[in-house]
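Trainee: below: sequence and its predicted model.
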Amino acid sequence: MKLSKIVIAAAVVAAGASSLSTSAIAQAKEQFFPLLSYRTGPYAPNGTPWANGKQDYIKLINARDGGINGVKLTFEECETGYATDRGVECYERLKSRPGVSLFDPQSTGITFALTEKAPADKVPLMTLGYGLSVSQDGMAFKWNFPFMGSYWTGADILIQHIGKNLGGMDKLKGKKIALVYHDSPFGKEPIPLLQERAKMHGFELQMLPVTAPGVEQKATWLQVRQSRPDFVLLWGWGVMNSTALKEAQATGYPRDKMYGVWWAGAEPDVRDVGEGAKGYNALALNGSGQQPKVIQDILKHVHDKGQGTGPKDEVGSVLYTRGVIIQMLSIEAVRRAQERFGKGKVMTGEQVRWGLENLALDQKKLDALGFSGVMRPLSTSCADHMGSTWARVQTWDGKKWNIGADWYQADEQILKPMIKAGSEKYMSDKKLTRRDAADCQS
C-alpha cells in the first residue's frame with residue numbers, strides 16, 4: 001500500500017513536472033510586448049487610437065503570419081493616464097515578464113523617468129517622434145531609440161518650412177515667433193533648438209507655457225493678441241490642441257499662421273473645431289488613410305474577423321497609423337534580432353536592443369510589409385538611434401488633412417553639435433562613459 005502511494009505520488013510529481021515543462025515551453029515561445037497606454041483622462045482621445053493601432057498590428061501578425069517565425073506575440077496594456085508615476089509603476093510591474101521585448105512609454109515625462117532605469121534592466125525604450133532629443137546619439141544612449149524624429153528635428157523642420165514660405169531663411173530676421181507649449185518635459189523639449197535658430201536668423205522667440213492639460217488658455221491667447229506674433233508654433237497634446245484652435249479663432253489669430261508639432265496634427269485635434277481650424281498647419285510624420293496594404297490587411301484579418309480593438313472607421317487615422325508603425329518597428333526589431341540570435345526563438349530585451357540598432361528598412365522592404373506611402377525608409381546604427389529625420393507639413397481644409405508634397409529633413413549641421421554637447425553633458429552629470437566600437441558588436 002505504501003509502495004502504491006509512493007508510485008502514485010511520483011506519477012503526480014512527474015505529471016506536474018511535465019505540465020510545468022510544457023507550460024515553460026509554451027511560455028518560451030511567446031514574445032511579450034508591454035503596452036503602456038492612456039484611454040482615460042484628458043489625453044484619451046489621442047492616446048486611444050494610438051494604442052488601438054499597436055494592438056491591431058500584433059493581432060495581424062499573429063493571425064496572418066502565425067507570429068514571428070513561429071513565435072507567438074502576446075501583450076498586456078497598462079493604463080498610465082499620461083502620468084509619469086503611473087507609467088513608472090506599469091514599467092516596474094511588466095519589465096520582468098518572460099519574453100519582454102521593449103517599452104514604448106507614450107510620454108516624454110515617463111521616458112525621462114525610465115531612461116535611467118532601462119540600462120540596469122536591459123530593456124530598450126522606443127520613443128518614436130518624442131522623448132529625449134539628445135538620445136539620437138546611440139554612443140551615449142544605448143537603450144533609447146527616438147525613431148523617425150525628435151522635438152528638435154520637428155522644430156527645425158517647421159522653421160525651415162516657414163523660412164521657405166517667406167522666400168528664404170534670411171526673411172526670418174525681425175519676425176516674431178511664439179511657442180505655445182504644454183508646460184511639461186514634452187512641451188519644453190524643442191526650446192533649445194528654437195533658441196539656436198532664433199540666434200542664427202535673428203527672429204524673436206516668445207515662449208508661452210500652458211498649464212496641463214490645457215483646457216484653460218484665455219490668458220495665453222490674450223498675450224498672443226497683444227504681442228501679435230507673425231507665427232505661432234503649437235506644441236500641444238490632447239485637449240490642449242483643440243482648445244488652442246478655438247481660442248485662436250475667438251481672438252482672431254489667423255489659423256494659417258499656426259504650425260503644430262506632429263502630436264498636434266491628428267483628427268481629434270481639429271474635428272470639433274471644423275471650419276474654425278481651416279488653414280491650420282501641422283507636421284505630418286506619417287501618411288494615413290485606409291488605402292495602404294497594411295491597413296487593408298488589418299481590416300481583412302482583424303476587423304472583418306471581429307477582432308478589432310476599436311471602431312472600424314478609426315482604422316487608418318493619423319494616430320492609429322502611427323501606432324501601427326511603432327508596433328511594426330518593434331516586431332521588425334525582434335525579427336532582425338532573430339536573424340543573429342536564432343530564428344524561431346524568443347528574444348531577450350538585450351537582443352531586441354541589438355535588433356533596434358541594426359534595422360535596415362529600405363523602400364523595397366517597406367513595400368513588402370505593406371507600408372508604401374505610410375513612412376520613409378529607416379536605417380539605424382550604433383551611432384544613430386533615430387534612423388530618419390524626415391517630415392512633411394499638412395494643412396487642414398476644414399474637413400480633412402491635405403499633406404504637402406515637400407519632404408523636409410532636419411539640418412544635421414545644426415543638430416549634430418547640439419546633440420553631442422547635450423549627450424556629453426548628460427553623461428557628465430550621470431558619471432557615464434561613451435560606448436566604444438567593441439560594444440557596438442554586443
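Mentor: Nice, thanks for sending it over.
Trainee: domains of the chain?
Mentor: 29-149+291-379+419-441, 152-284+394-410 (automatic domain parsing).
Trainee: span of the longest one from start to end?
Mentor: From the first residue to the last, domain 29-149+291-379+419-441 extends over 26 Å; the measure is CA to CA, to the nearest Å.
Trainee: still on that earlier bit, and the domains of the chain: which comes nearest residue 388?
Mentor: For these, proximity to residue 388 was assessed by CB to CB; domain 29-149+291-379+419-441 is nearest, at 4.6 Å. From N, CA and C alone the C-beta is placed, and that goes for glycine too.
Trainee: export the domains of the chain to JSON lines and tack on mean pLDDT?
Mentor: Putting those into JSON lines (pLDDT from 0 to 100) gives the following:
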{"stretch": "domain 29-149+291-379+419-441", "mean pLDDT": "97"}
{"stretch": "domain 152-284+394-410", "mean pLDDT": "97"}
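Trainee: dump these into a markdown table; add distance to residue 386 and mean neighbour count as well.
Mentor: Formatted as a markdown table, the domains of the chain follow (distance: least, CB to CB, whole Å; neighbours: other CB atoms under 10 Å):
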| stretch | distance to residue 386 | mean neighbour count |
| --- | --- | --- |
| domain 29-149+291-379+419-441 | 4 | 20 |
| domain 152-284+394-410 | 8 | 19 |
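Trainee: could I get those as CSV with distance to residue 388?
Mentor: Output for the domains of the chain, formatted as CSV (distance: least, CB to CB, whole Å):
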stretch, distance to residue 388
domain 29-149+291-379+419-441, 5
domain 152-284+394-410, 9
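Trainee: in contact with the closest residue to residue 43 other than its chain neighbours, which residues?
Mentor: Excluding its sequence neighbours, the residue lying closest to residue 43 (CB to CB, 6 or more residues apart in numbering) is residue 238, at 3.7 Å. Taking CB atoms under 8 Å, 6 or more residues apart in numbering as the criterion, residue 238 is in contact with 42, 43, 44, 45, 46, 47, 82, 213, 214, 268.
Trainee: residue 101 contacts residue 31, correct?
Mentor: Yes. With contacts counted by CB atoms under 8 Å, residue 101 reaches residue 31, the gap being 5.8 Å.
Trainee: overlap of the contact sets of those two?
Mentor: Residues touching both residue 101 and residue 31 (CB under 8 Å, 6+ apart) are 334, 347.
Trainee: which stretches of this structure form strands?
Mentor: Taking DSSP state E as the test, the strands found in the chain are 30-37, 72-79, 125-126, 144-145, 176-182, 204-210, 231-235, 258-260, 281-284, 360-361, 378-379, 390-396, 401-403, 408-409.
Trainee: extract the C-alpha trace of stretch 238-251 and format it as PDB.
Mentor: Only the C-alpha atoms of stretch 238-251 are listed here, as PDB (Å, rounded to 0.1, in the frame of the first residue of the first chain):
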ATOM      1  CA  GLY A 238      -4.800  66.100 -26.300                       C
ATOM      2  CA  VAL A 239      -7.500  68.600 -25.400                       C
ATOM      3  CA  MET A 240      -4.900  71.400 -25.500                       C
ATOM      4  CA  ASN A 241      -4.800  71.400 -29.300                       C
ATOM      5  CA  SER A 242      -8.500  71.900 -30.000                       C
ATOM      6  CA  THR A 243      -8.700  74.400 -27.200                       C
ATOM      7  CA  ALA A 244      -5.800  76.400 -28.700                       C
ATOM      8  CA  LEU A 245      -7.500  76.400 -32.100                       C
ATOM      9  CA  LYS A 246     -10.800  77.600 -30.600                       C
ATOM     10  CA  GLU A 247      -9.100  80.400 -28.700                       C
ATOM     11  CA  ALA A 248      -7.200  81.400 -31.800                       C
ATOM     12  CA  GLN A 249     -10.500  81.700 -33.600                       C
ATOM     13  CA  ALA A 250     -12.100  83.600 -30.800                       C
ATOM     14  CA  THR A 251      -9.200  86.100 -30.700                       C
END
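Trainee: coming back round to it: looking at the domains of the chain, which is closest to residue 387?
Mentor: domain 29-149+291-379+419-441 (4.0 Å).
Trainee: need the contact list for residue 240.
Mentor: Residues in contact with residue 240, defined by CB under 8 Å, 6+ apart, are 182, 210, 212, 213, 214, 215, 217.
Trainee: can you lay out the strands of the chain as CSV showing distance to residue 294?
Mentor: Listed next are the strands of the chain as CSV, based on distance: least, CB to CB, whole Å:
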stretch, distance to residue 294
strand 30-37, 17
strand 72-79, 16
strand 125-126, 18
strand 144-145, 21
strand 176-182, 31
strand 204-210, 35
strand 231-235, 29
strand 258-260, 26
strand 281-284, 17
strand 360-361, 13
strand 378-379, 15
strand 390-396, 19
strand 401-403, 18
strand 408-409, 24
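Trainee: once you drop chain neighbours, what's closest to the most centrally placed residue in the chain?
Mentor: Among the residues of the chain, the one closest to the centroid is residue 128, at 2.9 Å (CA atoms, centre = their mean). In this structure, residue 128 finds its nearest non-sequential neighbour in residue 147, 4.4 Å apart by CB to CB, 6+ apart.
Trainee: list the contacts for the one you found?
Mentor: Residue 147 is in contact with 126, 127, 128, 129, 326, 329, 378, 380, 385, 386, 387, 388, counting by CB under 8 Å, 6+ apart.
Trainee: try it again at 7 Å.
Mentor: 126, 128, 329, 378, 386, 387 (CB atoms under 7 Å, 6 or more residues apart in numbering).
Trainee: quickly name whichever of these is closest to residue 279.
Mentor: Proximity of the contacts of residue 147 to residue 279 (CB to CB) peaks at residue 128, which lies at 27.9 Å.
Trainee: please report how far the closest one lies from residue 150.
Mentor: Here residue 128 is placed at a distance of 10 Å from residue 150 (CB to CB, to the nearest Å).
Trainee: shared neighbours of those two, which are they?
Mentor: By CB under 7 Å, 6+ apart, no residue touches both residue 128 and residue 150.
Trainee: residue 241 versus residue 388, what's the distance?
Mentor: Residue 388 is 24 Å from residue 241, by CB to CB.
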